[in-house]
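Visitor: with the sequence up front, the predicted model follows.
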Amino acid sequence: MRTFLLLTRVQMLGLLNSLAPVKSGLSHNQRTLRVVGIAAAAVLLGLLFVAYLGLMAVGLALVGLARILPALAVMLGSLAGVVFTFFKANGTLFGFKDYDLVMSLPVSRRMVVASRMATIMGMALVIAVCAMAPLYVVYFLAVPSGAISVTAAVLSVALAPLAPTMLATFASYAITWVAARFRHASLAYALL
């Protein structure tokens, strides 16, 4: 378990490092400043996204469509997992450049793949929470609900991105497999 957590930590740090790679020629302080700036911009955009979804949900509740908010929340949570997986699965799972180094570690392949999938699933879950929470908050304010509906909402936040993320991972694998047969694999992957 400790090995899995260590590999997952390395993957999360690698995901953050992709914002300001070492090859960029920047010093350590400049890279840190760049990562902090990009993270601050991402948090600001995330807050705007959450505010927009909340206002949209309030608008739907005001016109009497509050009962569709849970279905909309699950759809957005699923879509968030799919989009993030398509963007990151190619580099994280299939096209990682440290393959020789990682496979020479005294760790099973299963553990490496599990840690990389945990990173993708964790980030998809964070995005899904940001997308689903405002809709559920407005729903529970507009529609009387009990403990069962709150429990179902919490479970849907945790489960909505899982299956679509797995399907997107397999689709990304298929696209990567096809694109690898072409001379310009990156262009083929982007087009597909």
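Guide: Noted; the coordinates are in hand.
Visitor: T165 is in contact with M121, correct?
Guide: Yes: in this structure, M121 is within contact of T165 by CB atoms under 8 Å, at 5.9 Å. The way it works is simple: take the backbone N, C-alpha and C, and place the C-beta from them, glycine included.
Visitor: these two - which one has more neighbours?
Guide: The residue with more neighbours, out of M121 and T165, is T165; 25 against 19, by other CB atoms under 10 Å.
Visitor: what distance do you get for the more buried one to V137?
Guide: 24 Å (CB to CB, to the nearest Å).
Visitor: likewise for R2?
Guide: 37 Å.
Visitor: shared neighbours, M121 and T165?
Guide: G81 (CB atoms under 8 Å, 6 or more residues apart in numbering).
Visitor: so what's the residue count around K88?
Guide: K88: 18 neighbours (other CB under 10 Å).
Visitor: which stretches of the protein form helices?
Guide: 2-17, 28-62, 69-89, 99-103, 109-142, 147-159, 162-179, 185-191 (DSSP state H).
Visitor: now find how far off-centre the fifth one is within its chain.
Guide: Yep, that's helix 109-142 we're talking about. Here helix 109-142 shows a centroid-to-chain-centroid distance of 6 Å under the convention CA atoms, centre = their mean, to the nearest Å.
Visitor: what angle do helix 69-89 and it make with each other?
Guide: Per axes from the mean of the first three to the mean of the last three CA atoms, to 10 degrees, the angle that helix 109-142 makes with helix 69-89 is 150 degrees.
Visitor: thinking M103 is in contact with R109, fair?
Guide: Yes: between M103 and R109 a contact is recorded at 7.1 Å, counting by CB under 8 Å.
Visitor: report the contact partners of the residue positioned nearest the centre of the chain.
Guide: Note on the chain: the residue nearest the mean C-alpha position is A124, at 2.5 Å, using CA atoms, centre = their mean. Contacts for A124 (CB under 8 Å, 6+ apart) come out as 80-81, 84-85, 161, 165.
Visitor: also G122?
Guide: 8, 12.
Visitor: hang on, the earlier thing: pLDDT at the nearest residue to the residue nearest to the centre of the chain once chain neighbours are set aside, what is it?
Guide: Computed as CB to CB, 6 or more residues apart in numbering, the closest residue to A124 that is not its neighbour in sequence is G81, at 3.8 Å. According to the prediction, G81 has pLDDT 80.
Visitor: against V137, how distant is G81?
Guide: Counting by CB to CB, the gap from G81 to V137 is 21 Å.
Visitor: tell me which of those two has more neighbours.
Guide: More crowded of G81 and V137, by other CB under 10 Å: G81, with 27 against 17.
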